[in-house]
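Novice: pasted the sequence and its predicted model underneath.
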Amino acid sequence: MERTTELKSIRIHDFKYSPVILLIENSEKEFPINQTLGHASIHTAYDTYGHIYPSKQEGMSEKLNDL
């Protein structure tokens, strides 16, 4: 059986994306992540990676409910 695999084109910038997601999911703080990325403003990180944060907001809500 022959399998064909189509690979999605990946830009160099995309390689930066995966570690950031892992850091966010590992509950690292936003400010050090932003410094590591070298962004001038934390808003750049939020604008670029903000779609990841809703899952964190849900976890935060659960923690508040537990309190």
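Specialist: Looks like it arrived, so ask away.
Novice: tell me the buried residues in stretch 19-29?
Specialist: Neighbour counts over stretch 19-29 (16 or more other Cβ atoms under 10 Å) mark 20, 23-24 as buried. Where you see a C-beta, it was placed from the backbone N, CA and C, and this is true even at glycine.
Novice: what about it, average pLDDT?
Specialist: The pLDDT scores in stretch 19-29 average 82.
Novice: then stretch 42-56?
Specialist: 74.
Novice: give me the residue at the spatial middle of the protein.
Specialist: For the chain, the residue nearest the mean C-alpha position is Ile21 (2.8 Å; Cα atoms, centre = their mean).
Novice: that one in helix, strand or coil?
Specialist: helix (DSSP: H, G, I helix; E, B strand; the rest coil).
Novice: that one and His51 touch, don't they?
Specialist: No - when contacts are counted by Cβ atoms under 8 Å, Ile21 is not listed as touching His51 (10.1 Å).
Novice: chain center to the helix or strand hosting His43: distance?
Specialist: If you go by DSSP states H and E, His43 is part of helix 42-49. Relative to its parent chain, helix 42-49 has a centroid offset of 10 Å by Cα atoms, centre = their mean, to the nearest Å.
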